[in-house]
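Visitor: coords below, sequence missing:
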């Protein structure tokens with residue numbers, strides 16, 4: 001299994017975006033009359049690099065990285081919980097702030113993990129299949145189309161699991177999340193082209209998933 005340093009960099013950025021978005025999502029920002037988590041601007045970046053992984057290295061590598069991101073996120077949460085449980089020094093008055101910013105309820109964690117896996121795998125699968133069907137043409141259509149479905153699933157699953165039955169649940173929030181994330185992906189399309197073209201040239205690689213088994217659980221193949 002040969003791993004280039006460029007693939008390692010793309011993987012690192014993908015996972016960094018995932019972890020960072022989970023932290024800053026606790027802050028709610030106001031864009032006019034619309035209220036959204038601050039991570040609305042970061043989480044789509046992970047989809048951009050997810051697109052790069054699938055487009056250049058193929059679905060097999062994207063699948064491995066998606067699961068690696070899941071494992072890193074789970075480990076990260078365990079470490080945060082351990083830090084929260086440790087006894088605070090008598091002079092330290094930040095325990096409440098720590099719990100508010102870095103503490104997550106099991107329900108929110110389940111919503112985040114389920115939304116992430118469903119959205120990322122849908123995004124990668126659709127992009128890989130569309131690449132074969134279009135014979136590698138119209139990258140912009142493939143990245144935006146796959147993100148439209150992937151982000152839609154992510155937003156639907158996360159918000160439904162996290163907020164159904166609470167005063168915070170409003171179906172329109174799903175639409176706001178969905179459209180905002182897809183719009184960011186569309187705006188970033190030129191950047192996606194630059195990264196993809198650079199990697200294809202440097203790696204001498206342009207993977208087509210003609211005979212790929214798209215089972216998301218076959219992480220070793």
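Guide: Cool, the structure landed. On a predicted model such as this, the values are computed, not experimentally measured, just so you know.
Visitor: what strand or helix carries residue 209?
Guide: Assignment of secondary structure by DSSP states H and E places residue 209 within no helix or strand.
Visitor: ok, it - contacts?
Guide: 58-60, 128-129, 131-132 (Cβ atoms under 8 Å, 6 or more residues apart in numbering). Every C-beta, even on glycine, is put in place using the N, C-alpha and C of the backbone.
Visitor: can you tell me, leaving aside adjacent residues, what's nearest to residue 109?
Guide: The shortest distance from residue 109 to any residue other than its chain neighbours is 6.2 Å, reached at residue 77 (Cβ to Cβ, 6 or more residues apart in numbering).
Visitor: and for residue 42?
Guide: Of all residues beyond its chain neighbours, the one nearest residue 42 is residue 21 (4.4 Å), with distances taken as Cβ to Cβ, 6+ apart.
Visitor: helix, strand or coil: sort out that neighbour for me.
Guide: Classification of residue 21 by DSSP: H, G, I helix; E, B strand; the rest coil places it in helix.
Visitor: parallel or antiparallel, list what pairs with the helix or strand of the chain with the lowest mean pLDDT.
Guide: The element with the least model confidence among the helices and strands of the chain, by mean pLDDT, DSSP states H and E, is strand 34-37, at a mean of 76. Strand 34-37 has the following sheet partners, assigned by DSSP bridges: strand 28-31 (antiparallel).
Visitor: do I have it right that residue 20 meets residue 45?
Guide: No - in this structure residue 20 lies outside contact range of residue 45 using Cβ atoms under 8 Å: 9.1 Å.
Visitor: so for the two, which residue has more residues nearby?
Guide: When neighbours are counted by other Cβ atoms under 10 Å, residue 45 comes out ahead of the other of residue 20 and residue 45, with 21 against 15.
Visitor: so what's the more buried one closest to, chain neighbours aside?
Guide: Nearest non-adjacent residue to residue 45, counting by Cβ to Cβ, 6+ apart: residue 17, 4.6 Å away.
Visitor: and that neighbour, what's its pLDDT?
Guide: With respect to pLDDT, residue 17 has a value of 90.
Visitor: in which helix or strand would I find the residue most central in space within the chain?
Guide: Taking Cα atoms, centre = their mean as the criterion, residue 46 is the residue nearest the geometric centre of the chain, at 4.5 Å. Element membership of residue 46 [criterion: DSSP H and E] is helix 43-52.
Visitor: now find how far off-centre the helix or strand following that helix is within its chain.
Guide: Note on helix 43-52: by DSSP H and E, the next helix or strand toward the C-terminus is helix 59-85. Relative to the centre of its chain, helix 59-85 is centred 12 Å away, using Cα atoms, centre = their mean, to the nearest Å.
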